[in-house]
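Peer 1: Sequence plus the predicted model coming up.
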Amino acid sequence: MLTAMTRLGLSDTIAAVATAPGSAGVGIVRVSGPDAHVVAGQVFQGRHTPAQTEGGRFLYGQFRSQTGERLDDGLCLVFRAPHSYTGEDVAEFQSHGSPAVLRSLLAATLAAGARPARPGEFTLRAYLAGRMDLTQAESVLNLVNAQGETARRQATLGLSGALSQQIAAIQHDVTRTLSAVQAMLDYPEEGVPHEEREEPLRRAEAQLSALIDTGRAGQVAAQGARLALIGAPNAGKSSLLNALLGYERSIVTPVPGTTRDYLEASMELAGVPITLVDTAGLRDTLDTIEAAGVQHARVLAGAADLVLRLEDGTRPREALEGVPETALLVQTKADLGSVWHDPAAICVSALTGEGLPELREHLRRRLLGDAGRQEVWLGSERQIEAARRALAHLRAAHTLPDDLAGYELEEALYALAEITGRDVQEDVIDGVFRNFCVGK
Ligand SMILES: Nc1nc2c(c(=O)[nH]1)N(C=O)[C@@H](CNc1ccc(C(=O)N[C@@H](CCC(=O)O)C(=O)O)cc1)CN2
Ligand SMILES: Nc1nc2c(ncn2[C@@H]2O[C@H](COP(=O)(O)OP(=O)(O)OP(=O)(O)O)[C@@H](O)[C@H]2O)c(=O)[nH]1
Ligand SMILES: [Mg+2]
């Protein structure tokens, strides 16, 4: 039978390029495992060898291939177990950041006895060494992939262990409830006060439910959102797109039908990466090119995460076909006054900028909901699913007699433990680290 250690290859020394593909000022090859310093010593030549160097030091020298050819000059950082990212002996080569140099450095390192790291294997080792739990490992992944400020902030918070602490507080309340329930069963004559069971259970339910509500915001922050501007010709779509962007991306003229093809532009709103989509004004037209643009606009409205329905405040309202019910109504050209009023409309002027802060605030709420009230958010589909399961068990416990409630509380504790994942099944761990890139 294979031991977990050989199957996971923990006795192997692994190596990978840790920096992004492409040219950069500096590039890094990371080596981790029991032979990291010996392997590094075969590639790196300086005044001292990595194996003789204390942890936390760096050496300057030359990198050489197996045949002795000089590949580059650079730094070798030395970390000694357990004081490294993985908790193992680690050596890091910091070279000039050229793809060709990094390829040759990695090849030399593999020739010296390391094997290529699998995706996420450095972080997997950190997890197995007890240096982080699963929420922290998932935060590493989210941090590496973070495009916007909100996703970055949440990932940094998760990496610090804030989500684990929140889960621990919920686990504490569930455990207290479970003890009270068990005391009732063991010593029915003593009678545990009702509040002793009720209060922590209610608190755990409320906290877990609030945490689950942050899951969607977390996904929006990570994945970003597409925001389509839809409306009749001349409604002011291109003007509003330019005003939100802060520069003239789209052509604006007084001629209705100016925008014919759609156009996309990137920006950040509430710390979320947003793709703004400007579209052709919706109308029946005999112009073949414009008609194709109008058709596109309807498809884009259907595919967007959020639609702004723009209507000119200076003209009587007209029916618009193909705009989703959920679209946010925006009355445009507020600086010119308005001939119609709708309490649901957000009134803006692209010309003066009035109403734009209100519009941004509405968009923030649509994108992130109430999640801003919670300090930490859930950080993956896996966490959301386990939290939902835990909550369902807590709710069931609430309605059941003590002997059956105990079972539900235990199940809730298992589901919560899965989120932070100290003693979880292998398939859960595989599921987490499968999503990583090589080198992390
Ligand atoms: N060059 C480089 N930069 C990097 C990383 C890396 O591996 N290499 N990281 C990786 O992805 C991140 C930082 N993560 C790290 C976490 C812990 C340790 C570490 O050696 N910890 C020791 C020593 C602490 C100390 O000296 O105070 C420890 O915790 O015992 C290193 C990197 C981001 N920047
Ligand atoms: N005063 C004023 N004029 C505006 C405002 N927004 C747009 N306009 C004017 O309205 C006209 C049409 O604006 P666009 O932004 O091109 O309208 P559009 O919805 O993109 O039009 P199409 O591309 O033809 O569908 C232009 O003359 C703009 O200058 C506004 O907030 N105030
Ligand atoms: Mg336009």
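Peer 2: Thanks, I have the structure now. Ligands and ions are numbered 1, 2, ... in the order given.

Peer 1: And the strands in the stretch 201-350 of the chain, which stretches?
Peer 2: With DSSP state E, counting those that start in this stretch as the criterion, the stretch 201-350 of the chain has strands at 225-231, 263-269, 272-278, 306-312, 328-332, 346-347.

Peer 1: List the contacts of the residue of the stretch 51-200 of the chain found nearest ligand 2.
Peer 2: The stretch 51-200 of the chain approaches ligand 2 most closely through residue 148 (26.5 Å), counting by Cβ to the nearest ligand atom. Heads up, the C-betas are built off the backbone N, CA and C, glycines and all. By Cβ atoms under 8 Å, 6 or more residues apart in numbering, residue 148 lies in contact with 221, 224, 268, 271-273.

Peer 1: Who does the closest residue in space to it that isn't next to it in sequence form a beta bridge with?
Peer 2: In space, residue 148 comes closest to residue 273 once its chain neighbours are excluded; the distance is 4.4 Å by Cβ to Cβ, 6 or more residues apart in numbering. Applying DSSP bridges to residue 273 yields these beta-bridge partners: residue 268.

Peer 1: And for the one 4 residues further on?
Peer 2: Under DSSP bridges, the beta-bridge partners of residue 277 are residue 228, residue 264.

Peer 1: Surely it touches residue 259?
Peer 2: No. Using Cβ atoms under 8 Å, residue 277 is not in contact with residue 259, being 10.8 Å away.

Peer 1: out of the strands of the stretch 201-350 of the chain, nearest to ligand 3?
Peer 2: Closest to ligand 3 of the strands of the stretch 201-350 of the chain, according to Cβ to the ion: strand 272-278, at 5.9 Å.

Peer 1: Would you mind measuring from the residue of the chain found nearest ligand 2 to residue 320?
Peer 2: Residue of the chain nearest ligand 2, by Cβ to the nearest ligand atom: residue 281 (2.7 Å). Separation of residue 281 from residue 320 (Cβ to Cβ, to the nearest Å) stands at 10 Å.

Peer 1: which residues sit in contact with residue 26?
Peer 2: 19, 74, 94-97 are the contacts of residue 26 under Cβ under 8 Å, 6+ apart.

Peer 1: Surely it is in a strand?
Peer 2: Yes. Residue 26 forms part of a strand when assessed by DSSP: H, G, I helix; E, B strand; the rest coil.

Peer 1: Kindly give the local confidence score, pLDDT, for it.
Peer 2: Turning to residue 26, the model gives it a pLDDT of 98.

Peer 1: Same check on residue 386?
Peer 2: pLDDT, read off for residue 386, is 97.

Peer 1: Return the list of helices and strands in contact with the one helix or strand it maps to.
Peer 2: Using DSSP states H and E, residue 386 maps to helix 381-399. In terms of contacts (3 or more Cβ pairs under 8 Å, 6 or more residues apart in numbering; DSSP states H and E), helix 381-399 is packed against helix 134-145, helix 162-186, helix 194-223, helix 402-420, helix 426-433.

Peer 1: Try it again at 6 Å.
Peer 2: Packing partners of helix 381-399 (3 or more Cβ pairs under 6 Å, 6 or more residues apart in numbering; DSSP states H and E): helix 194-223, helix 402-420.
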